[in-house]
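**Q** coordinates only, sequence not included:
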């Protein structure tokens, strides 16, 4: 198991890193998957916009981009998170920043576990899985 947390062009320190890693591992295992290499990169709106344009051809801001390198049941990926966007969303959805950052982290993990969020049905399932995971933190 290898989970890393990094910052790119911002000052950010994720609290409770060890607890968060154990939580991610528990969620991955509950999905009948194996934890491989997960890299979480916390960055700015401008950096995530650059990656969104470069890799996905989307000229929009987003809170998260997940790059999936999974092999079979082994979960591997890079999860890029805009801390600025998470802060804005926490205000928008009237929740605290810590809850929102955990939601975004587990959202990326759930994508790597095979969950989608493009349709309304898929989005509802994703939100349900996020809420269940947050209760296990």
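**A** Received it, and whenever you're ready, just let me know what you need. Keep in mind it's a predicted model, so treat the numbers as computed, not measured.
**Q** pLDDT on stretch 124-137, on average?
**A** The average pLDDT for stretch 124-137 rounds to 98.
**Q** Show me what it is in contact with.
**A** Under the contact criterion CB atoms under 8 Å, 6 or more residues apart in numbering, stretch 124-137 has outside partners 19, 23, 26-27, 30, 99, 102-103, 106-107, 109-110, 115-117. All C-beta atoms are positioned from the backbone trio N, CA, C, and that covers glycine.
**Q** try 7 Å
**A** Stretch 124-137 is contacted by residues 23, 26, 27, 99, 102, 103, 106, 107, 110, 115, 117 when judged by CB atoms under 7 Å, 6 or more residues apart in numbering.
**Q** ok, the fifth one - how many residues close by?
**A** The reference is to residue 102. By other CB atoms under 10 Å, 21 other residues sit near residue 102.
**Q** Counting by contacts, list what the helix or strand hosting residue 27 packs against.
**A** Per DSSP states H and E, residue 27 falls inside helix 17-30. Contact here means 3 or more CB pairs under 7 Å, 6 or more residues apart in numbering; DSSP states H and E; on that basis helix 17-30 packs against strand 2-7, strand 34-43, helix 97-112.
**Q** residues in contact with residue 90?
**A** Taking CB under 7 Å, 6+ apart, one finds 96, 97, 100 in contact with residue 90.
**Q** same thing with residue 70?
**A** 76, 77, 112.
**Q** Just the buried positions in stretch 39-50, please.
**A** 39, 40, 41, 42, 43, 44, 45, 47, 48, 49 (16 or more other CB atoms under 10 Å).
**Q** Now tabulate those residues in CSV and tack on pLDDT.
**A** Listed next are the buried residues of stretch 39-50 as CSV, based on pLDDT from 0 to 100:
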residue, pLDDT
39, 98
40, 98
41, 98
42, 98
43, 98
44, 97
45, 96
47, 96
48, 96
49, 96
